[in-house]
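Q: only geometry, no sequence info:
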C-alpha cells in the first residue's frame with residue numbers, strides 16, 4: 001500500500017486493494033477519452049495548478065492511474081492516497097482528508113455514463129481531486145476541512161439517507177441490476193430524502209464542501225476559473241459551468257450553507273470565491289457554530305438526534321464516547337443527567353483511559369452534569385484534602401448531592417486525576433436517584449462517576465478511534481474473478497497495443513478491427529474514434545477513415561448524447 005503507515009488503524013478497515021488488473025481495455029479507453037477532453041478544455045479554464053498538478057500527482061492522460069503510484073507522487077505535497085471501496089460515510093471521508101490521505105474509489109464509470117456518474121469513480125476521485133491538492137493554500141483548506149468536517153453531527157435520518165444513496169448509486173453502476181431493483185432503490189432513496197426535515201451541522205458543512213471542493217469556481221464572477229473536482233472530472237459539466245446557462249454567485253458562507261444540492265443532476269448555480277484564503281476563513285467561521293465548539297445541552301441534543309457514536313467532553317477534560325440514548329433535563333430545559341446505550345468508552349485528550357474501554361462499559365454509561373450543593377467550586381477542582389472536608393474519602397460511605405437534584409450514595413474506591421483535574425470517582429455499593437427515579441441501583445455493580453460541571457464539546461465519532469473501533473472488521477477486497485475479455489474488449493486491446501507499441505503490420509490490424517466493428521458492433525462509437533485518431537496520425541487508409549466517419553454519423557442518431565460525444569472526440573483526432 002506504499003505509505004500505509006500513514007493510515008490510522010481505524011481508517012485502514014475501509015482500505016481495499018485496487019486490483020489494477022481488473023481494468024479492461026474499454027475502461028482505459030473511457031479514462032483516456034474523458035482525460036483528453038478535459039485536459040484539452042481545462043488547460044485554459046481551470047485554476048493554474050491543474051495542469052501541473054496532474055503530472056505531479058502521478059496521473060497520466062493515457063491510462064488509469066495506479067493508486068500506489070499516486071500515493072508516492074503526492075508525498076512531497078504532504079498527502080497520500082488510499083484505495084477505498086466506493087461510498088464511505090462523510091465523517092470517515094473527512095477523517096481521511098484530516099490525516100492528509102485522499103480516499104480514492106477505484107471503480108470507473110461505464111461507457112454509457114461517460115459524461116457523468118453520481119457514484120464515486122476513479123476519474124472523479126483521482127483526476128478531479130488530486131491535481132489541485134498540489135496547490136499549497138487549497139491543500140491547507142482541504143486538510144482543515146477534514147479536521148472540522150469529521151466532527152460534524154448528522155441526524156439519524158441523514159445516516160439512513162446516506163445508506164439509501166449508496167445502494168441506489170451502486171445499483172446504477174453495477175450493470176447487473178434489474179429495472180425493478182433500480183426503481184425500488186430510487187423510491188427508497190426518495191422516501192429517505194423526504195424524511196430529512198432538519199438542517200444538521202453535517203448537512204450544512206457538506207454543502208460547504210460540495211460548493212467548494214466539489215463544485216467551486218475561483219476568481220471573479222465575470223472571469224472565474226474551475227477548481228472543484230466535480231467540474232474537473234465531468235466532460236459535460238466542466239464545459240457548461242463557465243457558460244451563461246449556469247448562474248455564478250459570489251461566495252458567501254451563509255448563502256452556501258442555505259443552498260442544497262442534488263447529486264444526480266447538473267448544478268444550476270455555482271459559487272465563486274476570490275481566493276482559497278476566503279474558504280479557510282469560512283470553514284473556521286462555520287466551526288464556531290458546531291457542537292464541538294459550543295458543547296452544552298444544544299450539543300447533547302445534536303448527539304441524541306444522530307443516534308450514532310459521538311463523544312461528549314466534560315469541563316474536567318473527561319471524554320465519553322458512545323451512542324447517547326437519553327438526556328434528562330431540568331425545568332429550564334438544561335441537561336442534568338445523560339445516559340448512553342451499548343458499548344461506551346472513557347478517554348482523556350483522545351487517549352482511552354486504561355480499564356475504561358468498551359469491554360468495561362459494554363452496557364452504556366450514565367453521568368450527572370452540574371455543580372454540587374454548597375460549593376461554588378467545580379468538583380473537578382477539588383483536592384483530596386478538600387474532598388475529605390466534604391466527607392468524600394476512599395473506603396468511607398458518603399453522599400453527593402447535585403444542585404439539579406441528582407443524589408449519589410456509595411463508597412469511593414478510587415479517584416482518577418489527570419493534569420490536576422479530578423475526572424472520575426469509582427464507587428462500590430452505589431445508588432443514584434433523581435427524586436423517586438432510580439438512575440443507578442447498588443445491585444448493578446460498581447459505578448464510575450464522571451466528574452465535570454459542564455459539557456464543553458460534543459462531536460461525531462470516537463475520542464480514541466484507534467481503540468474504540470479496533471474490533472471492527474476491515475472491508476474485504478472482493479476476489480478478482482478472472483474472466484475472458486469479450487470480443488469487443490479484445491478489439492479495444494488491439495488498438496491500445498498499436499498506440500503503445502507502433503507495431504509493424506498496423507494496417508492489417510486496423511482493417512481487421514474495422515471489419516469486426518462494421519459487422520458485429522454497429523453501435524460502438526468510442527473505438528471508432530480511437531481508430532480514426534491513429535489513422536489520421538499515421539496518414540493511413542483514407543477510404544476507411546471516410547467509412548468510419550459515415551458510420552459515426554449514423555451512430556449519432558441512436559442517442560441524444562452521442563452527437564456531442566462523437567463531435568468532441570473527432571475534434572481531437574487531429575491533435
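A: Okay, I see it. This one's a predicted model, so the numbers in the text were calculated from it and none came from an experiment.

Q: now residue 138. Nearest residue, chain neighbours left out?
A: Nearest residue to residue 138, sequence neighbours excluded (C-beta to C-beta, 6 or more residues apart in numbering): residue 276, at 4.9 Å. To be clear about C-beta, it is placed using only N, CA and C from the backbone, and glycine gets the same treatment.

Q: how much space between that neighbour and residue 44?
A: Noted for residue 276: a distance of 20 Å to residue 44, by C-beta to C-beta, to the nearest Å.

Q: the residue nearest to residue 138 - how many residues pack around it?
A: By other C-beta atoms under 10 Å, the residues close to residue 276 number 22.

Q: ok, it - contacts?
A: Residue 276 is in contact with 135, 137-138, 140-141, 218, counting by C-beta atoms under 8 Å, 6 or more residues apart in numbering.

Q: and the residues you listed as JSON lines, adding secondary structure?
A: Formatted as JSON lines, the contacts of residue 276 follow (DSSP: H, G, I helix; E, B strand; the rest coil):
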{"residue": "135", "secondary structure": "coil"}
{"residue": "137", "secondary structure": "helix"}
{"residue": "138", "secondary structure": "helix"}
{"residue": "140", "secondary structure": "helix"}
{"residue": "141", "secondary structure": "helix"}
{"residue": "218", "secondary structure": "strand"}
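
Q: CSV for those, including pLDDT and distance to residue 260?
A: Shown next, in CSV, are the contacts of residue 276 (pLDDT from 0 to 100; distance: C-beta to C-beta, whole Å):
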residue, pLDDT, distance to residue 260
135, 95, 28
137, 96, 27
138, 97, 24
140, 96, 27
141, 97, 22
218, 97, 22
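
Q: which of the residues you listed sits closest to residue 436?
A: Closest approach between the contacts of residue 276 and residue 436, by C-beta to C-beta: residue 141, at 53.9 Å.

Q: measure how buried that closest one is and give me the count.
A: By the criterion of other C-beta under 10 Å, residue 141 has 24 neighbours.

Q: out of the contacts of residue 276, which are buried?
A: 135, 138, 141, 218 (16 or more other C-beta atoms under 10 Å).

Q: can you point out the buried residues in stretch 468-479?
A: Going by 16+ other C-beta under 10 Å, stretch 468-479 has these buried residues: 468-469.

Q: same check, this time on stretch 67-79
A: Burial within stretch 67-79, assessed by neighbour count using 16+ other C-beta under 10 Å, is assigned to 67-71, 73-75, 77, 79.

Q: quick one: which of those sit in helices?
A: The helices, defined by DSSP state H, take in 67-71, 73-74 from the buried residues of stretch 67-79.

Q: where does the stretch 101-250 of the chain have low pLDDT?
A: Filtered on pLDDT under 70, the stretch 101-250 of the chain yields the residue ranges 118, 173, 175.

Q: what pLDDT does the model give the closest residue in space to residue 518 that isn't next to it in sequence?
A: Among residues not flanking residue 518 along the chain, residue 551 sits closest, at 7.0 Å (C-beta to C-beta, 6+ apart). Residue 551 carries a pLDDT value of 98.

Q: do residue 2 as well
A: 38.

Q: burial of the closest residue to residue 450 other than its chain neighbours, as a residue count?
A: In this structure, residue 450 finds its nearest non-sequential neighbour in residue 367, 3.8 Å apart by C-beta to C-beta, 6+ apart. Burial of residue 367 is recorded as 23 neighbouring residues (other C-beta under 10 Å).

Q: quick check: beta-bridge partners of residue 367?
A: Taking DSSP bridges, one obtains residue 338 as the residues bridged to residue 367.

Q: so how far is residue 300 from it?
A: For residue 367, the distance to residue 300 - C-beta to C-beta - is 11 Å.

Q: which residues do those two both contact?
A: Between them, residue 367 and residue 300 share these contacting residues under C-beta under 8 Å, 6+ apart: residue 338.

Q: pretty sure residue 253 contacts residue 287?
A: No: applying C-beta atoms under 8 Å, one finds residue 253 not in contact with residue 287, separated by 11.1 Å.
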